[in-house]
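Asks: here's my sequence, what's the structure:
(one chain, ligands or ions: 1)
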Amino acid sequence: MTVPPIDPFHAIGISTIAHRMAAEGRDIIHMEFGQPSTGAPREAIAAAHRVLDSDAMGYWESMPLKARIARHYRDSYGVDIQPEQVILTCGASPAFVLALGCCFAPGARVALARPGYVAYRNALRALHLHPVEIACGPAERFQLTAAAVAALDPAPDGLIVASPANPTGTILPAEEMQAIVRVCRARGIRIVSDEIYHGLSYIDPARCILQDDPEALVVNSFSKYFSMAGWRLGWLVVPPSLIDAARARMGNLFLTPPSLSQHAGLVAFDCRDELEGHVRTYRHNRDLMLDRLPPMGLNRIAPPDGAFYIYADIGHLTDDSLAFCTRLLADTGIATAPGLDFDPVDGHRFMRFSFAVSTDRVEEALARMASWFDAAHARRP
Ligand SMILES: Cc1ncc(COP(=O)(O)O)c(C=O)c1O
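Replies: The predicted model follows:
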């Protein structure tokens, strides 16, 4: 078996250039990564300060946090899970490694939407699994459909569902999600649902896959809604039959997540006022961008239902999204992610903006972009 090749994450390259420019004194607006510019909730930080003085910070699995997460599923979705079904992880990224490792043998085929989060494709390859990409365009609002999953021949072993999705922020309507679950059940396809953007929605809240499929695995994290990306804390919910397999993998591959983060994460669950304030900022930023991008010619956008991204078609301006984003950064100081990261086939004509920054920075970015996009149109033959 050969070592599978893994694609680079181009937004990291853009970010490296952006940081170099900032060190040279340029004012950079960071819209390349999906990371809140706000820190952890104030109360969570205060709790972390307190435990640093009193806790030896050994390997640890916080039972209160597992119980709190189980309660969250009951309160938010009406789903009963046991705390033992919650595996605490160092973010959603290792939760994926556990989920995929528990469910699929090397060589298994796992379907996913294209465009989609870059690491799905690459994590699958790294684990010697085969990504089966389903092309999802504007007609489906870049989301999976039950019909597309039903049409896969042969049936894949697994399916990754992401709602709200990265890079588009679109949410699967409840009926479509239920129809996808029915198709998967009938065809023996195991679902892994990435719910990392739950809590960040501008329409009805996204549905949890466990409301429809208790055999699904759910990946989640403190990186987005809770504004704690660098604390490296997340979780995986597994059905009872997979608890031992998931725990064994967590213990052997990663041991435990950081103790400090688990203490802070427990407190963060009850910092709703502060966190909902961030959601209001994102909503405002979203509306500003949806208002001001179309006059710049960026009018082929599926309005994001959630998350904090705008995925825009720039095919009228370029067929090289990486070069385009690199030039935008050099000329304006605005760092963005090229569509190539999310879609190896059509991504050369898309770009993604993250609006998880302050409204002032969004205003400033829009002001800088207005004339730049005029000039980009003029440059285009
Ligand atoms: C859809 C999606 N899933 C997972 C992750 C990884 O998140 P974490 O920081 O929790 O590892 C990201 C990060 O941007 C993401 O966008």
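
Asks: the ligand contacts on the protein?
Replies: Counting by Cβ under 6 Å from any ligand atom, the residues of the chain lying close to the ligand are 34, 91-93, 117, 162, 166, 194, 196, 221, 223, 229, 234. C-beta here means a position set from N, CA and C on the backbone, and glycine is covered the same way.

Asks: and if we set it to 5 Å?
Replies: The chain comes close to the ligand at residues 34, 91-93, 117, 166, 194, 196, 221, 223, 234, as judged by Cβ under 5 Å from any ligand atom.

Asks: Ala375: which of those is nearest?
Replies: Gly34 (27.9 Å; Cβ to Cβ).

Asks: and that closest one, how many neighbours?
Replies: Residues within reach of Gly34, counting by other Cβ atoms under 10 Å, total 23.

Asks: that one - nearest residue in space that isn't next to it in sequence?
Replies: Ser354 (5.0 Å; Cβ to Cβ, 6 or more residues apart in numbering).

Asks: so that neighbour touches Ser37, yeah?
Replies: No. Between Ser354 and Ser37 there is no contact under Cβ atoms under 8 Å: 9.4 Å.

Asks: what about Ser223, which helix or strand?
Replies: Per DSSP states H and E: Ser223 is located in neither a helix nor a strand.

Asks: ok, it - contacts?
Replies: If a contact means Cβ atoms under 8 Å, 6 or more residues apart in numbering, then Ser223 has 35, 91-92, 196, 229, 234 as its contacts.

Asks: what pLDDT does the residue nearest to the spatial centre of the chain get?
Replies: Geometric centre of the chain, nearest residue: Asn166, 5.1 Å, by Cα atoms, centre = their mean. Note on Asn166: pLDDT of 98.

Asks: angles on the backbone of it, please.
Replies: Note on Asn166: its backbone torsions stand at phi -110, psi 130 [degrees, to the nearest 10].

Asks: roughly how far apart are Tyr282 and the ligand?
Replies: From Tyr282 over to the ligand the distance is 14 Å, taken as Cβ to the nearest ligand atom, to the nearest Å.

Asks: residue contacts, the residue lying closest to that residue once chain neighbours are set aside?
Replies: Of all residues not flanking Tyr282 in the chain, Phe308 sits nearest, at 4.9 Å (Cβ to Cβ, 6+ apart). Residues in contact with Phe308, defined by Cβ under 8 Å, 6+ apart, are 34, 36, 169, 200, 224, 282, 285-286, 354-356.

Asks: re the thing from before, who has more neighbours out of Ser354 and Ser37?
Replies: Applying other Cβ under 10 Å to Ser354 and Ser37 shows that Ser354 carries more neighbours, namely 25 against 14.

Asks: ok, back up a step: and the pLDDT for the residue nearest to Gly34?
Replies: At Ser354, pLDDT is 98.

Asks: tell me the contacts of it?
Replies: Applying Cβ under 8 Å, 6+ apart, we find Ser354 in contact with 30-35, 308-309, 336-337.

Asks: burial measure for Ser241, as a count.
Replies: As a burial measure, Ser241 scores 9 neighbours (other Cβ under 10 Å).

Asks: quick check: pLDDT value at it.
Replies: 98.

Asks: what of Ser201?
Replies: At Ser201, pLDDT is 96.

Asks: repeat for the one 4 residues further on
Replies: We note a pLDDT of 91 for Pro205 in this prediction.

Asks: for stretch 199-208, measure first residue to last.
Replies: Using Cα to Cα, to the nearest Å, the end-to-end distance of stretch 199-208 comes to 11 Å.

Asks: and the contacts of Ser223, which are buried?
Replies: Among the contacts of Ser223, those classed as buried by 16 or more other Cβ atoms under 10 Å are 35, 91-92, 196, 229, 234.

Asks: still on that earlier bit, can you flag which of the residues of the chain next to the ligand belong to helices?
Replies: When DSSP state H defines the helices, the subset of the residues of the chain next to the ligand inside them is 92-93.

Asks: the helices in this structure, which residues?
Replies: According to DSSP H, the helices that the chain contains are 10-23, 42-54, 63-77, 92-103, 118-126, 146-150, 174-187, 243-253, 259-268, 272-292, 321-332, 359-379.

Asks: in the first one, what's buried?
Replies: With burial defined by 16+ other Cβ under 10 Å, the residues of helix 10-23 counted as buried are 10-11, 13-15, 17-18, 21.

Asks: show me which of the residues you listed is closest to His348.
Replies: Set against His348, the nearest of the buried residues of helix 10-23 by Cβ to Cβ is His10 (11.0 Å).

Asks: contacting residues around the closest one?
Replies: 322, 325, 337-338, 340-341.

Asks: cutoff 6 Å now
Replies: His10 is in contact with 322, 338, 340-341, counting by Cβ atoms under 6 Å, 6 or more residues apart in numbering.

Asks: cross the residues you listed against strands and list the overlap.
Replies: If you go by DSSP state E, the contacts of His10 have Pro338 in strands.

Asks: could you dump the contacts of His10 to a markdown table with neighbour count and pLDDT?
Replies: Converted to a markdown table, those look like this (neighbours: other Cβ atoms under 10 Å; pLDDT from 0 to 100):
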| residue | neighbour count | pLDDT |
| --- | --- | --- |
| Leu322 | 20 | 96 |
| Pro338 | 28 | 97 |
| Leu340 | 24 | 94 |
| Asp341 | 30 | 95 |
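
Asks: and Ala323, how far is that from Met21?
Replies: Noted for Ala323: a distance of 17 Å to Met21, by Cβ to Cβ, to the nearest Å.
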